[in-house]
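**Student:** Take this sequence and fold it.
(chains A and B)
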Amino acid sequence: MKLALRHVFVLVVCAFALFPILFVISAALNPLGTLASTDLLPSGASLNNLTNLLTSDTYPFARWFFNSVFIALTASFASLLLSMFAAYAFSRMRFAGRRVGLLALLLIQMFPQFLAIVTIFMIFTRVTELYPAFGFDTVWGLMLLYLGGALGVNTWLMKGFLDTVPKELDEAATVDGATHAQIFWRVIMPLVTPILAVTALLAFIGTMSEFLMANVFLRDPESKTLAVGMYGMIAGDHRNANFGMFAAATLLTAVPTVSVFLWLQKYIVSGLTAGAVKG
Amino acid sequence: MTLDVREAAETREAPRPRREVTTAFVVSRIAVLAVTAAVLLYAAPPLVASRSWAALAVLAVTAAVLAFLYLTRRFIPAKYLIPGTVFLIAFQVFPVLYTVSTAFTNFGDGHRGDKASAITAIETGSVRQAPGSPEYSLTVALRDGEMVFLLVDPKTKQVSLGTGEGLTGLSGAQVGVTGKVLSAPGLTVLKAPEAAARAQEVSALAVPTRGGVIKANGLSRAVEGRAALTYDAACDCVKGEGDVWKADESQGYFVNAKGEHLAQGWQVNVGFANFARVLTNPTISGYFAGVFGWNLVFALASVAGTFALGMSVALALHHPRMRGTKAYRIALILPYAMPAFAMLLVWRDMFNRDFGLINQFFGLDVDWLGQPSTARLAVILVNLWLGFPYMFLVTTGALQAIPRELTEAASIDGATPWKAFRSVTLPLLLVALTPLLISSFAFNFNNFNAIALTTEGGPFPAESPQVGSTDLLITYTFRLAFGTGGAQFGFAAAISVFIFAIVAVISAVAFRRTRRQEEVYA
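**Tutor:** Just a heads-up that it's a prediction; the model follows:
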């Protein structure tokens, strides 16, 4: 009975979550490929939009796809490691400036970043002159920029989670003669796999759909990410005509994210901490 | 003196217990040093070549600090904090501080460079063909690979050599009937197509003369122009066209007696003028309160809505006998997996009055984004759709960190599920998630994309097209500062500082409450 209520509630939320996606699928399958002719349920099934997209000369979609996945995977892995280090220090160690550091992390987040875009543009104009490999139109420069935000939300999320991991575990390891590095890699890291999985997913998704910075940064068609490239696809006059192609591209963009989620599913589900405390 | 200090340091370190040196210890130290050295070797040469000594000094100090930090056994927390902090400082803190410092200047269109470049721009911008000056016949030539002009005076048939340094006489040149130079000693004369291929270089070359410059006009003509406006260092003013513009260092403009200024200015420090403008300019401060109120509602509704929905679903699924959680989870996470910017544009089209999905589906004829109240409802709904999967994910993660024994214990003690949730689960969830809720609030307070990609701030009332009903502070100021009036970065930076202050104060209050909570529960 109560279980049934739970199912009904979740189903209603699922319907809310899924109907815009159904609309996008319908648009992607729509043989006419325009916005005005798209309905909630597909009026016909055709792969026109998909073939148009993949064979297009104006929009090198495959290239954008590769750029996006490469940047998102590398940047989210690196930022995860960086923020995990910081979270370990903030959660397990007591030092001067700990509270201030945590507050500063929150505060920096609150500055409207994109208004600093003018400054970032000026900084990277200089960087492009000095080190072309990390300048505009390169994935590495954009990646450095993304790593600048690594410490923000992720550190707080992981610090909050680490705080719930019993300190007795690392105290026991210390008594056994483990160094702080050994505790970090051998005790803490295996325990926080669930939250690492969640955070990795969040970082991956965030990077995949980051638009503002990438739009300033990548101007060469070959170096664009999906977000930047696809925005150009329905800009101005192309909006109605390219909507089917845009919808197909949206679906393809979601594929890597959904795959990462499915891949990480088992880590998210398993409650490793509970096991450790019982053991 | 230095010797004393070193001795003192050594005596202090002596009693510290020595740990054994493990292989991992040595390997990690070598790795850190190698990476630091590699970065130093890569980054230093271009800085030396461009004589950026300040940047080089920062680089050297950073490298030295890093090397020291990872070689010593002390400062253990810093070892873990530094890697992320380096990136944070370089790509977030520094740009933010830089932006804040521009808030005190008039940096923007017309005030981009320093005074010298403004004077150059004013003088070259006012160049007209000097009255009575000859129109030379132009031949482009190369001297040791460097481009030069061969100029033939149409009346005297005299040939001169024009370079970037100036004009000199040239003898021994062969001049054709059209006035073009056919050959000249020591020079390679370029044929028309060759010259056309380097048209950019041709138009860039300016030959300075007394009182003006000679510039190419096409590929076969060159004229001498004079600057109508010239800068006079003696009076620190620009003269010409029967008027005098005096330099006004407080505005960064050349201003004449009537108070008019030349278009080109330079960057100056304006103190608190930008901040004063936010507070006193009627078009800006007049709507500030209204926009601020809606901004608060939008951010609070977004956070509360997404958290309530996300947490409810997570709790509904967090039950040992719940079937199909895997499938539900995938369905619920899908909105988050879709690219947000694309879905915002899709939502905008779904709210379209004429062929939008919402009206079609419910058989309505509502102009959703055209009326203030429905537009506001629509953007909150869109934001709920975009944001609740995130809250669902983090709550699911946090729920799994709460030991089941606690809720089990509560139910054994006879607590109803609601009571167990209220007094055990929710407080524990909040300990882990409040910082995230605060961040989420800060994010939504400045959620530029959610508004800019859907309503663009509209609908705009007819009487005040400056501010729309769904405008957040950030979209509103963005339009004011970067919009039709031209880029005013200094002013925009000042408004950013205001927004930052507002969000920081609100969050600080929330944070203080959290701290009290954390002390109670953790």
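
**Student:** State the three-state secondary structure for B:Lys215.
**Tutor:** strand (DSSP: H, G, I helix; E, B strand; the rest coil).

**Student:** Can you report how many residues neighbour it?
**Tutor:** 21 (other Cβ atoms under 10 Å in any protein chain shown). Using the backbone N, CA and C atoms, a C-beta is placed for each residue, glycine as well.

**Student:** per-residue confidence for the closest residue to it other than its chain neighbours?
**Tutor:** In space, and not counting its chain neighbours, B:Lys215 is closest to B:Ala206: 5.4 Å by Cβ to Cβ, 6 or more residues apart in numbering or on different chains. Predicted confidence (pLDDT) for B:Ala206: 79.

**Student:** And for B:Arg19?
**Tutor:** Predicted confidence (pLDDT) for B:Arg19: 57.

**Student:** check contacts around B:Ala450.
**Tutor:** The contact partners of B:Ala450, taken as Cβ atoms under 8 Å, 6 or more residues apart in numbering or on different chains, are B:Leu344, B:Val379, B:Val382, B:Asn383, B:Leu386, B:Asn444.

**Student:** contacting residues around the third one?
**Tutor:** Applying Cβ under 8 Å, 6+ apart, we find B:Val382 in contact with B:Leu344, B:Trp347, B:Ala450, B:Thr454.

**Student:** measure the closest residue to chain A within the stretch 251-400 of chain B to A:Ile205 for me?
**Tutor:** Closest residue of the stretch 251-400 of chain B to chain A, Cβ to the nearest Cβ: B:Ala337 (3.9 Å). Going from B:Ala337 to A:Ile205 by Cβ to Cβ, to the nearest Å gives 6 Å.

**Student:** what touches both of these two?
**Tutor:** Common neighbours of B:Ala337 and A:Ile205, using Cβ under 8 Å, 6+ apart, are A:Thr257.

**Student:** where's A:Thr119 relative to chain B, distance?
**Tutor:** 4 Å (Cβ to the nearest Cβ, to the nearest Å).

**Student:** got it, and A:Thr138?
**Tutor:** Counting by Cβ to the nearest Cβ, the gap from A:Thr138 to chain B is 15 Å.

**Student:** Which pLDDT value goes with that residue?
**Tutor:** In this model, A:Thr138 carries a pLDDT of 84.

**Student:** returning to what we had before: between the contacts of B:Ala450, identify the one with the most neighbours.
**Tutor:** The most crowded member of those is B:Val379, carrying 27 neighbours; neighbours defined as other Cβ under 10 Å.

**Student:** so who does whichever residue of the stretch 101-250 of chain A sits closest to chain B touch?
**Tutor:** For the stretch 101-250 of chain A, the residue closest to chain B is A:Gly148, as judged by Cβ to the nearest Cβ, at 2.7 Å. A:Gly148 makes contact with B:Phe87, B:Leu88, B:Ala90, B:Phe91, B:Gln92, according to Cβ under 8 Å, 6+ apart.

**Student:** Run through chain B and note the low-pLDDT ranges.
**Tutor:** B:1-21, B:211, B:283, B:355, B:464-466, B:480-487, B:514-522 (pLDDT under 70).

**Student:** redo that, cut-off 90
**Tutor:** For chain B, applying pLDDT under 90 flags the ranges B:1-293, B:315-374, B:389-522.

**Student:** which residue packs closest to the residue of the stretch 251-400 of chain B closest to chain A, ignoring adjacent ones?
**Tutor:** A:Thr257 (3.9 Å).

**Student:** And the one you found, how close does it get to A:Leu201?
**Tutor:** 8 Å.

**Student:** of those two, who's got more company?
**Tutor:** Between A:Thr257 and A:Leu201, counted using other Cβ under 10 Å, the more crowded position is A:Leu201 (25 against 22).

**Student:** Pull up the gap between that one and A:Pro166, please.
**Tutor:** From A:Leu201 across to A:Pro166, the span is 25 Å (Cβ to Cβ).

**Student:** Repeat that for B:Phe392.
**Tutor:** Counting by Cβ to Cβ, the gap from B:Phe392 to A:Pro166 is 26 Å.

**Student:** Please apply the same query to A:Ala15.
**Tutor:** A:Ala15 is 40 Å from A:Pro166, by Cβ to Cβ.

**Student:** B:Ile358 too?
**Tutor:** B:Ile358 is 50 Å from A:Pro166, by Cβ to Cβ.

**Student:** start to end distance for stretch B:452-469?
**Tutor:** 13 Å (Cα to Cα, to the nearest Å).

**Student:** how about that stretch, does it get close to chain A?
**Tutor:** No. Judged by Cβ under 8 Å from any Cβ of the partner chain, stretch B:452-469 and chain A are separated, with a smallest distance of 8.9 Å.

**Student:** So what touches that stretch?
**Tutor:** With Cβ under 8 Å, 6+ apart, stretch B:452-469 has contacts from B:283, B:287, B:290-291, B:294, B:341, B:344-345, B:347-348, B:351, B:369-372, B:375-376, B:378-379, B:382, B:451, B:470-472, B:475-476, B:478-480.

**Student:** Which of the residues you listed fall in helices?
**Tutor:** Using DSSP state H, the subset of those located in helices is B:283, B:287, B:290-291, B:294, B:341, B:344-345, B:347-348, B:372, B:375-376, B:378-379, B:382, B:451, B:475-476, B:478-480.

**Student:** which residues touch stretch B:176-189?
**Tutor:** By Cβ under 8 Å, 6+ apart, stretch B:176-189 touches B:137, B:139-143, B:148, B:150, B:152, B:154, B:159, B:170, B:172-175, B:220.

**Student:** how does it look with 10 Å?
**Tutor:** B:136-145, B:148-154, B:157, B:159, B:161, B:170-175, B:192, B:194-195, B:220-221 (Cβ atoms under 10 Å, 6 or more residues apart in numbering or on different chains).

**Student:** List buried residues within the residues you listed.
**Tutor:** Neighbour counting over the contacts of stretch B:176-189 (16 or more other Cβ atoms under 10 Å in any protein chain shown) leaves B:136-141, B:148-152, B:159, B:161, B:170, B:173, B:175, B:195, B:220 as the buried ones.

**Student:** Got the domain ranges for the chain?
**Tutor:** I went with chain A, as the question did not name one. Using automatic domain parsing, the domain parsing of chain A gives A:1-46, A:56-278.

**Student:** meant chain B actually
**Tutor:** Looking at automatic domain parsing, the domains of chain B come to B:20-102, B:128-227, B:280-521.

**Student:** looking at those, which is closest to A:Phe261?
**Tutor:** domain B:280-521 (5.7 Å; Cβ to Cβ).

**Student:** ok, for B:Ser469, nearest residue in space, not its chain neighbours?
**Tutor:** B:Ser469 sits nearest to B:Pro372 (Cβ to Cβ, 6+ apart), 3.6 Å away.

**Student:** Give me the number of neighbouring residues for A:Val100.
**Tutor:** Residues lying near A:Val100 (other Cβ under 10 Å) number 10.

**Student:** And chain B, is the helix or strand hosting it touching that?
**Tutor:** Secondary structure from DSSP states H and E places A:Val100 in helix A:98-110. Yes. Using Cβ under 10 Å from any Cβ of the partner chain, helix A:98-110 reaches chain B at A:Arg98, A:Arg99, A:Gly101, A:Leu102, A:Leu103, A:Ala104, A:Leu105, A:Leu106, A:Leu107, A:Ile108, A:Gln109, A:Met110.

**Student:** Buried ones from these, can you make that a PyMOL selection?
**Tutor:** Selecting only the buried entries of these in PyMOL, with 16+ other Cβ under 10 Å as the criterion:
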select buried, chain A and resi 101+102+105+106+107+108+109+110
